[in-house]
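> Mind folding the following:
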Amino acid sequence: MSTYTVSGRFQSRGDYQPFTKEVEAENEDLARERIYTTVGSQHNRKRTQIEIEEVSAA
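Next up is the predicted model:
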């Protein structure tokens, strides 16, 4: 497993809130999926309300 740094933004009350999170995953696609589930559940947002801008190996 590798550590990935994922940055992006999500909709919050008509505005966008930026985020940067580190996750452990086997590849970039799984890191994106983990961010969708984590940010979506923490902030009650759907996948369409989350924009991932960058995924990089840490």
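> Residue 28 - how many residues pack around it?
Applying other Cβ atoms under 10 Å, we find 15 residues neighbouring residue 28. (Glycine included, C-beta is placed from N, CA and C.)
> Return the residues in contact with it.
4, 55 (Cβ atoms under 8 Å, 6 or more residues apart in numbering).
> And the strand or helix carrying residue 9, what's buried?
Assigned by DSSP states H and E, residue 9 belongs to strand 2-12. By neighbour count with 16 or more other Cβ atoms under 10 Å, strand 2-12 contains the buried residues 4, 6, 8, 9, 10.
> Mind putting these into JSON lines with pLDDT and distance to residue 46?
As requested, the buried residues of strand 2-12 are exported to JSON lines (pLDDT from 0 to 100; distance: Cβ to Cβ, whole Å):
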{"residue": "4", "pLDDT": "97", "distance to residue 46": "22"}
{"residue": "6", "pLDDT": "97", "distance to residue 46": "17"}
{"residue": "8", "pLDDT": "97", "distance to residue 46": "14"}
{"residue": "9", "pLDDT": "97", "distance to residue 46": "14"}
{"residue": "10", "pLDDT": "96", "distance to residue 46": "10"}
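> Out of these, flag the one nearest to residue 57.
Checking the buried residues of strand 2-12 against residue 57 with Cβ to Cβ, the nearest one is residue 4 at 5.9 Å.
> Setting aside sequence neighbours, what's the nearest residue to the closest one?
In space, and not counting its chain neighbours, residue 4 is closest to residue 31: 3.9 Å by Cβ to Cβ, 6 or more residues apart in numbering.
> in the helix or strand where that neighbour lies, what counts as buried?
Per DSSP H and E, residue 31 falls inside helix 28-43. Residues of helix 28-43 classed as buried by neighbour count (16+ other Cβ under 10 Å): 31, 32, 34, 35, 36, 39.
> then it to CSV, C-alphas only?
What follows is helix 28-43 as a C-alpha-only set of coordinates in CSV (Å, rounded to 0.1, in the frame of the first residue of the first chain):
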residue,chain,number,x,y,z
GLU,A,28,-4.6,6.3,-7.6
ASP,A,29,-8.1,5.1,-8.5
LEU,A,30,-8.6,3.5,-5.1
ALA,A,31,-7.3,6.6,-3.5
ARG,A,32,-10.0,8.7,-5.4
GLU,A,33,-12.7,6.2,-4.3
ARG,A,34,-11.6,6.4,-0.7
ILE,A,35,-11.8,10.2,-0.8
TYR,A,36,-15.3,10.2,-2.3
THR,A,37,-16.5,7.9,0.5
THR,A,38,-14.6,9.7,3.3
VAL,A,39,-15.5,13.3,2.3
GLY,A,40,-19.0,12.3,1.3
SER,A,41,-19.8,10.7,4.6
GLN,A,42,-18.1,13.4,6.8
HIS,A,43,-19.8,16.3,5.0
